[in-house]
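Trainee: Below: sequence and its predicted model.
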Amino acid sequence: TTSAVRETTATTAGDIEELDRRHLIHPHQTRMRADRRVIVRGKGSTVWDAHGRARLDVTGAGNWVAQVGHGREELAEAAAEQIRELAYFTCFYEFSNDKAVQLAARLADLAPAGLNRVYFTGSGSEGNDTAIKAARLFHHRNGETGRTWILGRQFGYHGASYGSGTVTGFDLMHQGVGPNLPHVERLSPAWPYHQEFYQGQDPTDFLVAELEQTIERIGAGNIAAMIGEPVLGGGGVVAPPEDYWPRIRQVLRAHGILLIADEVITAYGRTGAWFDSAGRGMDPDIIVTAKGLTSGYAPLGAVLLSDRIAGVVADTDDFFFHGHTYSGHPSSCAVALRNLRLLEDENLIARSRQIGEWFRAGLAKAAELPAVGEVRVEGAMVGIELVADRATRQPQSPMAAVAACDELYDRHDLILRHYGPTIVMAPPLVITEEEVARAADGVTEVLQRLGTDGVIRGH
Ligand code: PMP
């Protein structure tokens, strides 16, 4: 189209919002949301919109991402330096670059023992697709060609491409775009607050039995892998019982089924460790990461493969015929290297747990409110599940969570998000104690006005 506006630099905030409505398709777009929140600048845990209004970013750039905070000169420098030197060159075939190699070696060093091989992607979705393909190919090349099924979980979020989207346990992702990836089965989530999933049994006992029955039904010889987040993120920040992953792991191993840990949210310090799965007894064959790897300063994901799997899919005379143009992108890798150094030098990994304690204290009063079912804290990751009835734990309508987040945005200048009926926080790991208190006070104030009918009363 011939538009008078070639660049938006000269337009007002209102103009940008109007152009947005006209031209930009947003992820998860719906016409129900006519407002636009155009964010133009950030520093630490604060961002500014196009109107110049400051808001506290309590969600890590809105997407569990901004580990080291906004506006870091060190990362701007790392990106600029690398772009001047070599912005991009392919990693296909025998080509390589120094930053991709250094980052792969660094990740192997940080990863649990035995995970020494790294494939770079541009996103978490590409990472999970890579993991699914690698798992199937591993079995195929080992002569177990029937092992094609992937086990996912209800409320698991793994991405929006066909592979990652199909293993994602939200029906909205599958509706109207099928056929989706075949040979995917979904298990129940490990969600202790909702005992109704488990028919009166101990949750882990139920879930282990369900897994065993599923394996029996599909046939162990037909299953390639199970995929799961150590802690459900998009499901609403849900940690499993302590014995869940160790026992699930044991069953999978007994049947030759691989385990893929989706750590796109949890890796790089979000819950207080470089890799969350390490402390949860998952012992995965593959770890998928993205987001915090660069704190969002450049798009990048990393899939960590065990030596055993890499040996079969990558170290043979056959091709691992799987490639993305931006795999091992030098500029993204340079940013990641500097970002990992910041996480280490500023002790941000351990700081996550401190942030979690501040939230726990700040939200103590909110946790007792009639409209709040449960406050869940896993390091710098918080979920507040809203209920219509505390006694029965009946979830509140997601629309109430939407309204609460809007109220927090409009009246308290706080950026939070909701996943279903759960309000979620995942702030930059540089957030201060005062900022956490401000966020917790705002949330408490709004939730005090939220009735169990889902309606927010006046100010
Ligand atoms: N896995 C998990 C656990 C995620 O939370 C996400 C994104 N929120 C993804 C995978 C997909 O990552 P991306 O959006 O970068 O494709």
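Mentor: Received, thanks.
Trainee: C-alpha only now, for contacts and for neighbours.
Mentor: OK.
Trainee: Now E407: closest residue in space that isn't a chain neighbour?
Mentor: Once flanking residues are discounted, E407 sits nearest to V446: 7.1 Å by CA to CA, 6 or more residues apart in numbering.
Trainee: wait, what's in contact with the one you found?
Mentor: 404, 407-408, 456 (CA atoms under 8 Å, 6 or more residues apart in numbering).
Trainee: I'd like these written out as CSV, with secondary structure, neighbour count and pLDDT added.
Mentor: CSV is the format used below for the contacts of V446 (DSSP: H, G, I helix; E, B strand; the rest coil; neighbours: other CA atoms under 10 Å; pLDDT from 0 to 100):
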residue, secondary structure, neighbour count, pLDDT
A404, helix, 24, 98
E407, helix, 18, 97
L408, helix, 21, 98
I456, strand, 17, 97
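Trainee: overlap between those residues and the residues near the ligand?
Mentor: Contacts with the ligand are made by none of the contacts of V446, judged by CA under 6 Å from any ligand atom.
Trainee: Can you say which two of these are spatially most distant?
Mentor: Using CA to CA, the two most remote members of those are L408 and I456, lying 11.5 Å apart.
Trainee: so where's the stretch 201-350 of the chain shaky on pLDDT?
Mentor: For the stretch 201-350 of the chain, no stretch has pLDDT under 70.
Trainee: Could you pull up the contacting residues of the closest residue to the ligand within it?
Mentor: Residue nearest to the ligand within the stretch 201-350 of the chain (CA to the nearest ligand atom): V264, separated by 4.7 Å. Neighbour list for V264: 124, 288-292 [criterion: CA under 8 Å, 6+ apart].
Trainee: so it sits in a helix?
Mentor: No. Counting by DSSP: H, G, I helix; E, B strand; the rest coil, V264 is not part of a helix but coil.
Trainee: per-residue confidence at the nearest residue to G235 once chain neighbours are set aside?
Mentor: Using CA to CA, 6+ apart and skipping the chain neighbours, the partner closest in space to G235 is F155 (4.8 Å). pLDDT, F155: 98.
Trainee: Check the gap between F155 and T168 for me.
Mentor: From F155 across to T168, the span is 7 Å (CA to CA, to the nearest Å).
Trainee: what's the answer for A76, then?
Mentor: 34 Å.
Trainee: Repeat that for G152.
Mentor: 7 Å.
Trainee: got it, and R147?
Mentor: Taking CA to CA, one finds R147 at 20 Å from T168.
Trainee: Name the residue in those two with the higher neighbour count.
Mentor: Remark: of R147 and T168, T168 carries more neighbours, 26 against 23, as counted by other CA atoms under 10 Å.
Trainee: Skipping its backbone neighbours, what lies nearest that one in space?
Mentor: Y157 (4.7 Å).
Trainee: Give me the neighbour count for that neighbour.
Mentor: For Y157, using other CA under 10 Å, the count is 25.
Trainee: Thought G169 was touching it, still the case?
Mentor: Yes. Contact criterion CA atoms under 8 Å: Y157 and G169 qualify, at 6.3 Å.
Trainee: what's the single longest helix in this structure?
Mentor: Longest helix in the chain by number of residues, with DSSP state H as the criterion: helix 124-141.
Trainee: Sheet partners, orientation included, of the next helix-or-strand element following that helix?
Mentor: The helix or strand immediately downstream of helix 124-141 is strand 149-153, counting by DSSP states H and E. Within its sheet, strand 149-153 is paired with strand 184-187 (parallel), strand 223-228 (parallel), according to DSSP bridges.
Trainee: Can you name the secondary structure element that comes next after the shortest one?
Mentor: Under the assignment DSSP H and E, the closest C-terminal helix or strand after strand 184-187 is helix 203-218.
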